[in-house]
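> any chance you can model this:
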Amino acid sequence: MIDNDFIISLLIGSFRDPILWIISIVIASNITSSLYNKKLLYLSIAGIIWGYIRLYVYKSFGEEFTLNQTFVLILLCLIIMVSIGSSVYLIFKYLKSNT
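Residues are numbered from 1 along each chain as shown. Sure, this is the predicted structure:
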């Protein structure tokens with residue numbers, strides 16, 4: 001069973017990770033694609049890759065993850081990346097429409 005402390009520590013670590021902010025801002029801008037569907041695809045792929053990177057960083061520090069914890073980590077990274085990237089996209093779109 002996954003406890004709340006595990007999820008909270010993953011959330012805090014996720015929001016402090018600069019990879020999240022850099023990748024989501026780059027993908028949310030119109031540098032990669034102007035189509036929103038492609039942005040969601042790129043954010044999803046980036047979220048999964050970021051989840052695997054975080055998993056192996058934790059494992060390099062000696063942490064042991066069960067299969068459920070691994071799925072939670074990768075799913076959480078995917079959801080956070082898509083959420084932050086979509087939010088940044090909407091902010092950019094709003095700012096661009098007001099200028």
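> chain neighbours aside, what residue packs nearest to the residue positioned nearest the centre of the chain?
Geometric centre of the chain, nearest residue: Met81, 2.5 Å, by CA atoms, centre = their mean. In space, and not counting its chain neighbours, Met81 is closest to Gly47: 3.2 Å by CB to CB, 6 or more residues apart in numbering. In this view, the C-beta of every residue, glycine as well, is placed from N, C-alpha and C.
> go on, Tyr42?
Distance criterion CB to CB, 6+ apart; nearest residue to Tyr42, sequence neighbours excluded, is Ile27 at 4.9 Å.
> ok, now how distant is the one you found from Leu41?
Counting by CB to CB, to the nearest Å, the gap from Ile27 to Leu41 is 10 Å.
> go on, Leu78?
12 Å.
> of those two, which one has the most company?
Leu78 (19 against 14; other CB atoms under 10 Å).
> list the contacts of that one.
Counting by CB atoms under 8 Å, 6 or more residues apart in numbering, Leu78 touches Ser44, Gly47, Ile48, Gly51.
> now the buried members of those residues.
Among those, those scoring as buried are Gly47, Gly51 (criterion: 16 or more other CB atoms under 10 Å).
> in JSON lines: the contacts of Leu78, plus pLDDT and distance to Thr66.
Listed next are the contacts of Leu78 as JSON lines, based on pLDDT from 0 to 100; distance: CB to CB, whole Å:
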{"residue": "Ser44", "pLDDT": "96", "distance to Thr66": "24"}
{"residue": "Gly47", "pLDDT": "96", "distance to Thr66": "21"}
{"residue": "Ile48", "pLDDT": "97", "distance to Thr66": "19"}
{"residue": "Gly51", "pLDDT": "95", "distance to Thr66": "15"}
